[in-house]
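Enquirer: sequence plus predicted model, see below.
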Number of protein chains: 4
Amino acid sequence: MRVGLLTGGGDCPGLNAAIRAVVKHGEGRYGHSIIGFRNGWKGVVDGDVLPMGRQHIRNVLPVGGTLLGTARFHPKAEDGSLDAVMATLEAERIEALICIGGDGTLHAASKVAEAGVKIVAIPKTIDNDVAGTDLSIGFHTAVNIATEAIDRVHTTAESHNRVMVVEVMGRHAGWIAVNSGIAGGAELVLAPEEPFDIDQVVKFLKHRHRAHANFSIVVVAEGAEPREGGSMDYTTQVGKYGEIIAGAIGDRLAHEIEQRTGFDTRVTILGHVQRGGSPTPTDRILGSRFGVAAMDAISEGQSGVMTALRGERVELVPLAEVAGKVKHVPLDLLRVAQTLA
Amino acid sequence: MRVGLLTGGGDCPGLNAAIRAVVKHGEGRYGHSIIGFRNGWKGVVDGDVLPMGRQHIRNVLPVGGTLLGTARFHPKAEDGSLDAVMATLEAERIEALICIGGDGTLHAASKVAEAGVKIVAIPKTIDNDVAGTDLSIGFHTAVNIATEAIDRVHTTAESHNRVMVVEVMGRHAGWIAVNSGIAGGAELVLAPEEPFDIDQVVKFLKHRHRAHANFSIVVVAEGAEPREGGSMDYTTQVGKYGEIIAGAIGDRLAHEIEQRTGFDTRVTILGHVQRGGSPTPTDRILGSRFGVAAMDAISEGQSGVMTALRGERVELVPLAEVAGKVKHVPLDLLRVAQTLA
Amino acid sequence: MRVGLLTGGGDCPGLNAAIRAVVKHGEGRYGHSIIGFRNGWKGVVDGDVLPMGRQHIRNVLPVGGTLLGTARFHPKAEDGSLDAVMATLEAERIEALICIGGDGTLHAASKVAEAGVKIVAIPKTIDNDVAGTDLSIGFHTAVNIATEAIDRVHTTAESHNRVMVVEVMGRHAGWIAVNSGIAGGAELVLAPEEPFDIDQVVKFLKHRHRAHANFSIVVVAEGAEPREGGSMDYTTQVGKYGEIIAGAIGDRLAHEIEQRTGFDTRVTILGHVQRGGSPTPTDRILGSRFGVAAMDAISEGQSGVMTALRGERVELVPLAEVAGKVKHVPLDLLRVAQTLA
Amino acid sequence: MRVGLLTGGGDCPGLNAAIRAVVKHGEGRYGHSIIGFRNGWKGVVDGDVLPMGRQHIRNVLPVGGTLLGTARFHPKAEDGSLDAVMATLEAERIEALICIGGDGTLHAASKVAEAGVKIVAIPKTIDNDVAGTDLSIGFHTAVNIATEAIDRVHTTAESHNRVMVVEVMGRHAGWIAVNSGIAGGAELVLAPEEPFDIDQVVKFLKHRHRAHANFSIVVVAEGAEPREGGSMDYTTQVGKYGEIIAGAIGDRLAHEIEQRTGFDTRVTILGHVQRGGSPTPTDRILGSRFGVAAMDAISEGQSGVMTALRGERVELVPLAEVAGKVKHVPLDLLRVAQTLA
């Protein structure tokens, strides 16, 4: 059997563990041929293939990123790229496809599956907001990196009597913010799940510093937003090349806090370091288990499903049930973060 | 309400996170008084108390071990120590008790609960073999440490064309061995769940080295055992002070492999480093969530229950259901370890 | 003997190791009383003292920051604060003073020494630009953090075929940039020691990507500057509260590279995480050795000197020889960074 | 010019950084051909060559071990292996040789140099006892690993009121023991430089535990020895395959301490993990600088010299001056370790 393999969307640690498991298990247990596509769906459109064998996956387990490369590109019916995908799969005689990716990749996968291609998906996103699975590849490493950064600014905050604002990733869900905030002992955690009231934030910090502390750490997800009506006089500026160059929520929050409390305030925006470097053991294990399970599913003839961690077990869930949904942080976990402030 | 708190059994990373959560949540949310006992059940017997407040738990989140101290001592009816426990609890007017510990501590807790004391338990054990919960405090950090050690010996094994045997903790269950073995990319993982056949081990390594490799890593749990009839000519020696000083399973295995294969073989027995140092974010979060949940349970009048992680949620399970049981590694996870060898 | 102790300027990892050594050695070997001042010179002006004993320094060795607190304040003759310093030292009967700090603190120390106070200084600065010593406290940890960040963005750069710009600290000297750049295998390192030619930077990257690579990492010190005449159309913007909120050199460089090469480019500005967290063993050892040496020097009646690492040995150098000087990265080390690109 | 390259003796982190620098600088700056020999001198004897180019050294900077492989084998005149070395060098038209290794490799190098071959050596040894250089490749990473282990057992020692003995590497010199002991805050450090008095050790621990502490950490180098006449009733046992399987100095010391003090005592023998895994930034930089300097020296026609770190600079020292000498820990550094106990 010829099995295609791709990684799509933003890269993250643990992808290579999944690739390795797919290749080792596919070759060793089933005798399949594994055909990798370079740079995600783009490589399928372009027919950019890399036949994968044992020699390609030596020593990749502890290495971050993806040896196949990736791109933020998804095929569409409208522009003919979906047809190009089908043409390549036929030309390469691909009988089934394993797609490792986040929401966009999963969405594309379900469309390609509808077009008749056998597909099994593996979820990855450092935001951890893919529905249907306890964990997605990359999230655990991101929490570790964010926690380490919070540990670091903690000593500076305490030594200088400062408020430190740490902005972490998480556009639609606050998983990294809540988990790293609890692990790092942050005083406040602001997540997209609950619009924050800037007046309350200021009041809380003033009260805390008056009562018993001389420093505070505030962790904010990039997608957190002030409640409507809460006035923040400093707005987002978008740079020439489309990036937020000023006015990221972390900057705005730090500005507002310093203005209103008078406390010396600093901001750290973690950015890309959150998605790089050697995966934690948990992400390596997750990638390995997902890779084995996806290959088993493909070999049993399954299609249109995604591997998912449910408690201690890896299960399969229909892509249709999870595509397009955002998994939010449950309120009771948010409460733990607030309780321990 | 006066709530007692103790940590029993072997220490591990994440205990302080649980202690901190119990104190912060108990004081801040409920207005309880938290009375710590030093050195586990021994402190209860001796009436060795430490009233706990905010000032005791500053900056303990990233610190390993337990600030309350611990001891491998469990009260028994036979020697009067159970009576001493009851006397102390009465003298200190303890209305409920939160016990953080492993199998022995949980067993003692259920006996004390039977004697009429309100008790909520929090599971910790680096072996991860407490039944009823996906994770116990300390396990995740131990896997990280073991994986890091496997990563380290990997480069040496490869540079010197050696077989490296790494012995990790796990007397009754192979959780650390299997998880660190997968994460570290070990060629063989031997766990208590499946007695190993030394002849098969030797055959596998010979085959591998003949076929395509010039080094191998074997991870073995301290409680792994050779299958009956499998001859290993080198036996365990117990030292003057009751420790295995020679003939730990790692040593025996390395000896046997080198004798039979002729491959240069070395052994590393990780030992105590596996239970020390700063907890991973996962163990800090687990300890924090368990601490909050235990305090909520106590405050609602619950007793005879243990906090447990089930998928993404923290739940309560009856102590009676879990005490005395060993949670083994499921066979499908063992298979992943073997598949990726 | 009553010995005063303070930490001034920005905090960094390793300060607590020096404090611990001063207290342990001063008390244990010489029987001195150690009087700490809170928040650097500010505490001396305000008479904010903390008598230090063994109980204050337990477990501080692996902890970042400074338990004495610090502030970016230096006493001046003009505003009466130098007189306030002298008054406090007299009131507290301080016979000698150990000052741990960077350039500003050392400068203040030399002025206080001129006023007749016995002073021994210990150099700290993550920038490593204090003259007269191979290493200052904090630098080594900063290089480790920066290197880890470069390792992390490396996998992302490679997976996405990107140019990644990493801005590290170093206003007047490029020690962190050059060392982390070599350790992280950066393709380009830009330091204050050599104004860079943006045209050359662009040409180099274009050539590299045409020849054999599809990604590049550029490390730039915050104090690096384009050569005069090199046109960069995007300039620095200073925020409402005096911070560079846009147009840090990293941002400007990334913008320019993307505009001129067309390569997808991202920037990471490390910021405050570089000065926080647990010190590396090297910084703990350096702090410990400097603390012991400073206490020996004070006890022998020395004054106006600074502890310095010279090869394998700790020596004393006159403050007058080092104050106000910037130690630059030698050109041969810059060449190693460029050679290995 | 055809330049040979080998790594000999035990592997360690940082070797790949040196290999990479030799290849990049040799090819890029000088246009030389670099011919690698596999498995140290053994590969030279056997003519086992690997022509090295840019493609071999991609991404090796953060990887431990040596991609060339190594062996503890040194050519001798007596058995004809030295002749075989000369024959291979001639057959491969090697004009100069860069040898990376420890004492044994350097000794062999000086003999081969005497036979007329141009040789430049690069020192590596985790023991750091090569004379003439402040640092050898691998030592810095070993100190980090040992310190991390001491940090870990610290929390266990404190939680359980124990004495923890940690045995680290160092046969002839106590560099790792002294440095990791200071960095980890050990109470006692025993090094080969000063035979220890077991009676004093016991007395010190009893006094400490009586006075103010309930735990202690003792770091001992594998080559540390009891002073003559000091009675230790438990002796070393050598295993069937020549390894110390019982009675390593760590075991003996732990036994003796427990017997005489009655304190609960545990031992951790770090072993092979000390020489593996990703090199610290310092070892990567050291390897890179040494590689560049060795290639410059070779290209300038130098021979019979070794690269050496002296303070902030890399210099060349004659092999004849350093071969066969052991660099010991200076007494003043030992004193710092003892002072801070």
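Expert: It's in.
Enquirer: for chain A, what lies in contact range of chain D?
Expert: Counting by Cβ under 8 Å from any Cβ of the partner chain, chain A comes close to chain D at A:Asn59, A:Val63. Heads up, the C-betas are built off the backbone N, CA and C, glycines and all.
Enquirer: break chain A into its domains for me.
Expert: A:2-138+A:279-322, A:141-275 (automatic domain parsing).
Enquirer: does chain B have contacts with the longest one?
Expert: Yes - for domain A:2-138+A:279-322, a contact with chain B is found by Cβ under 8 Å from any Cβ, at A:20-21, A:24-25, A:28-29, A:54, A:61-62, A:134, A:280-282, A:284-285, A:288-289, A:292, A:310-314.
Enquirer: hang on, the earlier thing: adding mean pLDDT, mean neighbour count and distance to chain C, write the domains of chain A out as JSON lines.
Expert: JSON lines is the format used below for these (pLDDT from 0 to 100; neighbours: other Cβ atoms under 10 Å in any protein chain shown; distance: least, Cβ to the nearest Cβ, whole Å):
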{"stretch": "domain A:2-138+A:279-322", "mean pLDDT": "96", "mean neighbour count": "22", "distance to chain C": "3"}
{"stretch": "domain A:141-275", "mean pLDDT": "89", "mean neighbour count": "21", "distance to chain C": "3"}
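Enquirer: C:Val202: which of those is closest?
Expert: Checking the domains of chain A against C:Val202 by Cβ to Cβ gives domain A:141-275 as the closest, at 15.6 Å.
Enquirer: can that closest one be said to contact chain B?
Expert: Yes - against chain B, domain A:141-275 shows contacts by Cβ under 8 Å from any Cβ at A:Val143, A:Asn144, A:Thr147, A:Asp151, A:Asn179, A:Ser180, A:Ile182, A:Ala183, A:Gly184, A:Gly185, A:His212.
Enquirer: what's the helix or strand for the second one?
Expert: So the one you mean is A:Asn144. helix A:139-160 (DSSP states H and E).
Enquirer: now do the helix or strand following that helix against helix A:139-160, angle only.
Expert: Sequence-wise, the next helix or strand downstream of helix A:139-160 (DSSP H and E) is strand A:163-168. If you take axes from the mean of the first three to the mean of the last three Cα atoms, to 10 degrees, strand A:163-168 sits at 170 degrees to helix A:139-160.
Enquirer: counting contacts, what elements does the helix holding A:Asn144 pack onto?
Expert: Other elements packing on helix A:139-160 under the criterion 3 or more Cβ pairs under 8 Å, 6 or more residues apart in numbering or on different chains; DSSP states H and E are strand A:163-168, helix A:175-184, strand A:216-221, strand A:265-269, helix A:281-299, helix B:281-299.
Enquirer: if we go to 7 Å?
Expert: Using 3 or more Cβ pairs under 7 Å, 6 or more residues apart in numbering or on different chains; DSSP states H and E, the elements in contact with helix A:139-160 are strand A:163-168, helix A:175-184, strand A:216-221, helix A:281-299, helix B:281-299.
Enquirer: so how far is that helix off the chain centroid?
Expert: How far helix A:139-160 lies from its chain's middle: 18 Å, per Cα atoms, centre = their mean, to the nearest Å.
Enquirer: quick one: A:Val163 and A:Glu256 touch, right?
Expert: No - using Cβ atoms under 7 Å, A:Val163 is not in contact with A:Glu256; the gap is 10.8 Å.
Enquirer: pick out the most distant pair among the residues of domain A:141-275 next to chain B.
Expert: A:Asn144 and A:His212 (29.8 Å).
Enquirer: tell me the spacing between A:Ala87 and A:Val44.
Expert: Distance, A:Ala87 to A:Val44, by Cβ to Cβ, to the nearest Å: 9 Å.
Enquirer: in the stretch 51-200 of chain A, what residue comes closest to chain B?
Expert: Using Cβ to the nearest Cβ, the closest approach of the stretch 51-200 of chain A to chain B is made by A:Ala183 at 3.6 Å.
Enquirer: and that residue, what does it touch?
Expert: Going by Cβ atoms under 7 Å, 6 or more residues apart in numbering or on different chains, A:Ala183 touches A:Val143, A:Thr147, B:Pro281, B:Arg284, B:Ile285.
Enquirer: who's in contact with the closest residue in space to it that isn't next to it in sequence?
Expert: Leaving out its chain neighbours, the residue that sits closest to A:Ala183 by Cβ to Cβ, 6 or more residues apart in numbering or on different chains is B:Pro281, at 3.6 Å. Neighbouring residues of B:Pro281 by Cβ under 7 Å, 6+ apart: A:Val143, A:Asn144, A:Thr147, A:Asn179, A:Ser180, A:Ala183.
Enquirer: so which of those comes closest to D:Ala191?
Expert: For the contacts of B:Pro281, the nearest to D:Ala191 is A:Asn144 (35.7 Å; Cβ to Cβ).
Enquirer: surely the closest one is in contact with A:Thr282?
Expert: No - using Cβ under 7 Å, A:Asn144 is not in contact with A:Thr282; the gap is 8.7 Å.
Enquirer: which residues of the stretch 201-341 of chain A fall in strands?
Expert: Assigned strands in the stretch 201-341 of chain A, in chain order: A:216-221, A:237-238, A:244-246, A:265-269, A:305-310, A:313-318 (criterion: DSSP state E, counting those that start in this stretch).
Enquirer: quick one, helices of chain A?
Expert: In chain A, the segments counted as helices under DSSP state H are A:15-25, A:41-46, A:81-91, A:103-114, A:139-160, A:175-184, A:198-211, A:249-261, A:281-299, A:319-322, A:331-339.
Enquirer: reformat these as JSON lines; add distance to B:Leu205.
Expert: Listed next are the helices of chain A as JSON lines, based on distance: least, Cβ to Cβ, whole Å:
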{"stretch": "helix A:15-25", "distance to B:Leu205": "18"}
{"stretch": "helix A:41-46", "distance to B:Leu205": "38"}
{"stretch": "helix A:81-91", "distance to B:Leu205": "40"}
{"stretch": "helix A:103-114", "distance to B:Leu205": "39"}
{"stretch": "helix A:139-160", "distance to B:Leu205": "32"}
{"stretch": "helix A:175-184", "distance to B:Leu205": "40"}
{"stretch": "helix A:198-211", "distance to B:Leu205": "60"}
{"stretch": "helix A:249-261", "distance to B:Leu205": "53"}
{"stretch": "helix A:281-299", "distance to B:Leu205": "21"}
{"stretch": "helix A:319-322", "distance to B:Leu205": "41"}
{"stretch": "helix A:331-339", "distance to B:Leu205": "45"}
